[in-house]
Each structure stands twice: as structure tokens, then as C-alpha cells.
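Asks: below are the sequence and a predicted model for it; my questions follow.
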Amino acid sequence: MIKIRIDVDYPYPSRAQSILCTALKIKLNKDYLKNSKILARMINESKEEVRAYWFFTPQTIPDRELLRMLNPSKHEVALHVANKPYEELEALEEATGRKVHYWTVHGTARLFARLIWRRKIWEGRATIPKDFPLQSFYDYPTIGLDRVAYSKTLQQAIELAKEAIKKGQVLHIHPEWLFQRGTLNHRGPYYRILRIILQVDLEIEALVIRKKCLFKIANNPNEYEKDVFPNDQFLKKLADYGIDVFTFVERSWCCKLQNQPKWLRTQDNVALLPIKTYKDWWEAIGKKTRNMVRKAGKNGITIRTVEPSENLAEGIWRIYNETPIRQERPFTHYGMPQSIVNSLVMNASNSTFIGAFFGGELAGFIQLVEGDKIALVAQILSLQRLWDKAVNNALLAKSVELAAEKKIPWLMYGRMGNHPSLDNFKTNHGFIRFTLKRFYVPTTRKGTIIAELGLQKEAKDALPQPIRNQFIPIFNWISRTKLKTRRKIRARTQKAAI
């Protein structure tokens with residue numbers, strides 16, 4: 001069983017708001033016990049065997065919403081003594097209608113905290129009478145999960161927590177540190193740790209979350225492989241996690257949405273190739289492209305599907321590290337350690353790798369990701385020193401052949417409009433620019449304002465295509481200059497260290 005001790009010291013996610021309301025003994029309905037409700041929801045959704053002990057102070061008495069969530073089968077209300085044990089016990093039992101069995105004490109190490117809790121300046125914690133009718137929870141061994149989150153990596157913290165659970169120890173947390181980091185208190189955000197331990201909110205773990213200026217925007221990286229349609233419960237979780245806008249596309253080429261709420265929508269595009277048979281594709285592409293595919297074979301290039309292995313990963317790593325510049329832009333995978341490439345290859349899901357070989361060496365590869373009624377070209381790369389052997393043409397032809405054999409009706413190859421030469425390559429191989437809808441769903445008030453102002457969109461997408469094409473060489477030059485500058489700074493730093 002996973003046992004959790006939750007000390008609800010302060011009522012609001014905002015530390016400043018909590019301190020102010022505690023000092024003035026006032027209660028604001030907005031965000032009252034918000035983090036506690038998130039924790040209660042996580043525990044209730046968990047399929048693990050969990051027992052949560054909630055220790056409330058006089059300033060954090062649970063409201064009706066939280067009390068409804070604290071099902072006695074998983075939750076137990078307890079007392080976190082602030083000043084007057086008997087009075088606070090009576091008030092807690094009357095407000096909750098629950099019998100209280102355990103107590104802990106709300107300690108205040110700092111002078112300021114003692115003042116806002118109306119204690120004597122030399123009194124760090126309340127005194128519990130010997131005849132107090134509750135059992136001390138200090139008899140149970142605990143591990144401070146928020147303290148572990150502050151000092152350890154995510155993986156280290158998870159391993160420590162799991163080991164503690166095996167030993168029967170109690171995970172000790174404070175709701176206020178669910179998402180934020182406290183430098184003075186040495187407590188860190190433990191949401192991801194608890195999420196993994198309880199095996200909940202797995203759909204959020206899969207998201208890509210980007211911070212833009214003062215807001216966060218998220219999307220599902222598999223939005224082209226399968227239909228994504230957020231429901232109200234999912235959107236509430238995103239808001240709880242601090243994500244302001246969620247974006248997704250309508251896969252209208254195969255699965256048009258039947259009910260479309262009045263969410264903000266803009267036009268997006270993908271490069272799509274409809275596939276019936278390999279013969280149909282071969283006859284539809286131009287003579288020049290067919291000759292390029294044939295050229296690869298004449299130049300000694302052999303194409304075949306390959307299973308994920310360390311040999312494949314090593315070959316991909318060599319391609320990654322051949323050059324720092326590709327298509328006139330810095331190549332993001334350049335310099336990637338071989339161990340990471342190994343992990344990416346061996347853990348690739350729903351993927352088929354097709355390799356191009358020249359003299360026994362991996363000359364290029366393509367990674368196809370299979371989804372619902374579609375296959376995606378996740379990567380297609382080849383050695384630049386073999387560019388004259390039409391490696392990529394042969395790889396793409398093999399991909400079409402494989403998709404046709406598997407009865408996959410669509411092949412997708414990224415977007416169109418961001419790189420003229422790459423767009424021409426796609427067009428020559430039968431891909432079309434397919435326009436679709438991209439939805440932006442605000443989950444917070446901030447997100448609503450952001451969406452109304454249009455700040456969630458990428459700056460480059462706001463430009464008309466003809467103007468964007470004029471800026472591409474400038475963007476490429478800026479990217480290359482940044483890379484050169486970073487490399488110079490790195491070299492100087494290493495030289496200074498020596």
C-alpha cells in the first residue's frame with residue numbers, strides 16, 4: 001500500500017496569497033485548496049492501493065468540494081495543530097463530520113511565520129497535552145517527498161520513493177509545493193514523481209509543453225498518427241498543471257471531426273501522399289524522379305528494412321555527426337552522444353527502419369512511424385558525401401512500396417512551405433500540400449487572452465508564403481551565425497578551463 005501524509009499548511013497555490021490570508025484570517029473562494037483538490041483527484045483516479053492522511057490546520061478546513069473528494073475508503077481527515085489542540089479538534093470534526101484519529105503539529109521555524117500564526121516569538125510549535133485523545137502520526141516512519149524532489153533528479157527521486165514504499169514508509173508532502181520550488185524551505189515540485197508512482201495523468205506525460213513568453217502551450221506529439229480530441233476533464237487537468245493553451249489538428253484527410261466546439265482555429269498544412277499501389281505511384285511521378293530512384297541502384301546502393309540494433313544505431317550516429325550544417329541550417333542532432341542514439345533507436349515505438357547501404361556501410365536511413373490510417377516519415381537522412389548517389393530518392397520509393405504492401409492509405413512527410421528545396425523534393429515524389437484545421441483551446445483565463453491576441457501562433461506562420469520565402473535565407477544565416485558563436489564560446493571556455 002502507498003501511504004501518503006499530506007500536511008495542508010496553507011490554503012492557496014500562491015505562497016504570498018496564503019501568507020496574507022493566514023495573517024488576516026480571511027478566506028477567498030478562488031483557488032482555495034486548489035492543489036489539495038488536484039492531489040485528491042490524483043489519488044482517487046489511481047488504481048494503486050493508496051491511503052492518504054490529510055492534516056488540516058484551522059486556516060485550511062476542507063470546503064464541500066474537497067470533502068466530497070475525500071472518500072473514506074482512501075482518505076482520512078486528521079489534525080495539524082496550530083495553536084489550541086482541543087479547540088481545533090472540535091472545529092475540524094464539526095466542519096467535516098468526520099471522526100479524527102491522528103495529530104501532527106504545524107511547526108514554524110521562522111520568526112515571521114510565528115507572527116502570522118499568532119504565536120509567541122519563542123514558540124516554534126504548539127504543545128500537545130499528555131491526555132490529548134488523538135494518536136501521534138510521528139510514530140510512523142516517513143520520507144519527505146517534496147524535499148527529495150528538491151535535491152534529487154527525477155529518476156533518483158522516483159527510485160527513493162518506491163524503495164520507501166516497499167519498506168512501508170509514508171510519503172510526506174505539502175500541497176503548496178506540488179508545482180513550485182521553495183529555495184528557503186528546500187522543497188521542490190513533486191507532481192511528476194507522484195504522477196508516476198500513482199500511475200495517473202499519463203496523457204499529460206505524453207505531451208510536448210513549450211513555454212512562450214509568459215504562457216505555456218502544449219500539444220500531443222502523436223497528433224498526426226491518431227485522432228486527438230480533448231474533453232473537459234482533460235482540459236481541466238491541463239489548467240491544473242499550468243498549461244494555458246492546448247493545440248491539436250483535425251486529421252480531416254481520413255477522420256473529420258463531427259462536433260467542433262467554437263474553439264479558435266487556423267489553417268495548417270502537411271505534405272501528404274495518397275497511396276493505392278506502388279505501381280500507381282511509380283507511374284504518377286515524373287520521369288526524372290524515376291531515373292533518380294534507378295540511379296541509386298546503378299550506383300551500388302541497396303535498400304532493405306532493418307531491425308533496431310546497436311549496429312543500426314551506430315550507423316545513424318555516424319550520419320548525425322557527419323556535418324553540423326544540413327540544408328543550410330544547423331543540424332540539431334549533430335554532436336548527439338552515441339548512447340542517446342542507441343536509446344532512441346532501441347525504444348522507437350510503432351517504427352520501421354529502412355536502411356540504404358553502400359559497400360556494407362549505412363549510407364542513409366528512413367524511419368517510418370505507423371499510425372491510424374497513415375505512416376509518417378519521422379526522419380530521412382543520408383551521408384552528404386554520397387549525395388550524388390540519389391540515396392534519399394531510393395529510401396522514399398521503398399517507403400511507398402512498404403506502405404502499399406501494408407495497405408496504409410496515406411504517407412505524410414512533415415509540412416510544406418518552410419524550405420523551398422525540400423518542398424520541391426516532396427512534390428517530385430507525389431506529395432501534395434494538404435490544408436487542414438489547427439485548433440487552439442484555452443484552458444485558463446490567461447490562455448483566453450493569449451488566444452484572442454493571436455500570440456499562440458508561431459511568428460513565421462503569421463507571414464504570407466511569398467514573404468516567408470524571402471526571409472528563409474536570412475533565417476538560415478542567423479541560425480548558422482548562432483551556431484558558430486556558440487562553438488567559439490564553448491572552445492574558449494574549454495581552453496580557459498585547461
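Replies: Cool, the structure landed.

Asks: what is the burial count for Gly297?
Replies: Neighbourhood size, Gly297 [other Cβ atoms under 10 Å]: 13. Every residue, glycine included, has its C-beta placed from N, CA and C.

Asks: how about Arg147, what does it touch?
Replies: Contacts for Arg147 were tallied using Cβ atoms under 8 Å, 6 or more residues apart in numbering; they are 186-188.

Asks: JSON lines please, covering these and showing neighbour count and pLDDT.
Replies: Shown next, in JSON lines, are those (neighbours: other Cβ atoms under 10 Å; pLDDT from 0 to 100):
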{"residue": "His186", "neighbour count": "12", "pLDDT": "89"}
{"residue": "Arg187", "neighbour count": "22", "pLDDT": "92"}
{"residue": "Gly188", "neighbour count": "21", "pLDDT": "93"}
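
Asks: and which of those residues is nearest Val8?
Replies: Arg187 (14.4 Å; Cβ to Cβ).

Asks: any idea whether the residue of the chain most remote from its centre is helix, strand or coil?
Replies: The C-alpha centroid of the chain is most remote from Asp131, which lies 50.4 Å away (Cα atoms, centre = their mean). Under DSSP: H, G, I helix; E, B strand; the rest coil, Asp131 falls in the coil class.

Asks: quick check: domain ranges of this structure?
Replies: For the chain, automatic domain parsing gives the domain ranges 2-200, 276-408, 466-498.

Asks: now these as a markdown table including distance to Lys457?
Replies: As requested, the domains of the chain are arranged in a markdown table below (distance: least, Cβ to Cβ, whole Å):
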| stretch | distance to Lys457 |
| --- | --- |
| domain 2-200 | 26 |
| domain 276-408 | 21 |
| domain 466-498 | 13 |
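
Asks: which residues of the protein score low on pLDDT?
Replies: Under the criterion pLDDT under 70, the flagged ranges of the chain are 109-112, 120-122, 124, 459-472, 475-476, 483, 486-488, 490-491, 493-498.

Asks: please redo it, this time with the cut-off set to 80
Replies: For the chain, applying pLDDT under 80 flags the ranges 107-126, 213, 258-260, 327-329, 418, 455-498.

Asks: quick one: the helices in the stretch 351-498 of the chain, in order.
Replies: Applying DSSP state H, counting those that start in this stretch to the stretch 351-498 of the chain gives helices spanning 391-405, 420-428, 445-453, 465-497.

Asks: what is the neighbour count of the closest residue to Lys99 other than its chain neighbours?
Replies: Nearest residue to Lys99, sequence neighbours excluded (Cβ to Cβ, 6 or more residues apart in numbering): Glu93, at 6.7 Å. Counted with other Cβ under 10 Å, residues neighbouring Glu93 total 14.

Asks: mind checking which helix or strand Glu93 is in?
Replies: Using DSSP states H and E, Glu93 maps to helix 85-96.

Asks: Gly242 is in contact with Tyr191, correct?
Replies: No: applying Cβ atoms under 8 Å, one finds Tyr191 not in contact with Gly242, separated by 9.7 Å.

Asks: okay, and the common contacts of these two?
Replies: Phe179.

Asks: ok, these two, which is more surrounded?
Replies: Comparing Tyr191 with Gly242 by other Cβ under 10 Å, the one with more neighbours is Tyr191, at 21 against 17.

Asks: roughly how far apart are Ile38 and Ile6?
Replies: Remark: distance between Ile38 and Ile6 (Cβ to Cβ, to the nearest Å) = 11 Å.

Asks: find residues that contact each of those two.
Replies: Going by Cβ under 8 Å, 6+ apart, residues that sit against Ile38 and also against Ile6 are Pro175.

Asks: against Leu79, how distant is the residue farthest from the centre of the chain?
Replies: 15 Å.

Asks: I'd assumed Thr277 was in contact with Val400.
Replies: No: Val400 lies out of contact with Thr277 (Cβ under 8 Å); the separation is 9.6 Å.

Asks: quick one: which of these two has more around it?
Replies: Val400 (23 against 12).

Asks: got the contact list for the more buried one?
Replies: Counted by Cβ under 8 Å, 6+ apart, Val400 has contacts 273, 275, 278, 281, 411, 429-430.

Asks: swap in Lys84?
Replies: Ala126.

Asks: change it to 10 Å
Replies: Neighbouring residues of Lys84 by Cβ atoms under 10 Å, 6 or more residues apart in numbering: 58, 90-91, 126.

Asks: and Phe331, backbone torsions?
Replies: phi -90, psi 120 (degrees, to the nearest 10).

Asks: burial check on the closest residue to it other than its chain neighbours, number of neighbours?
Replies: Closest residue to Phe331 apart from its sequence neighbours, by Cβ to Cβ, 6+ apart: Pro324 at 5.8 Å. Neighbour count for Pro324, taken as other Cβ under 10 Å: 16.

Asks: what's the spacing between Pro324 and Leu381?
Replies: 14 Å.

Asks: go ahead and confirm Ile26 touches Leu20.
Replies: Yes: using Cβ atoms under 10 Å, Ile26 is in contact with Leu20, at 8.1 Å.

Asks: the two: which is more packed in?
Replies: Leu20 (14 against 9).

Asks: got the contact list for the more buried one?
Replies: Leu20 neighbours (Cβ under 10 Å, 6+ apart): 12, 14, 26, 28, 116.

Asks: between those residues, which is nearest Ala394?
Replies: Nearest to Ala394 among the contacts of Leu20 is Ser14, at 58.7 Å by Cβ to Cβ.

Asks: can you get me a residue count around the nearest residue to that closest one once chain neighbours are set aside?
Replies: The shortest distance from Ser14 to any non-neighbouring residue, by Cβ to Cβ, 6+ apart, is to Asp31 (7.4 Å). Residues lying near Asp31 (other Cβ under 10 Å) number 14.

Asks: Asp31 touches Pro11, doesn't it?
Replies: Yes: between Asp31 and Pro11 there is a contact under Cβ under 10 Å: 8.4 Å.

Asks: sweet, I'm off.
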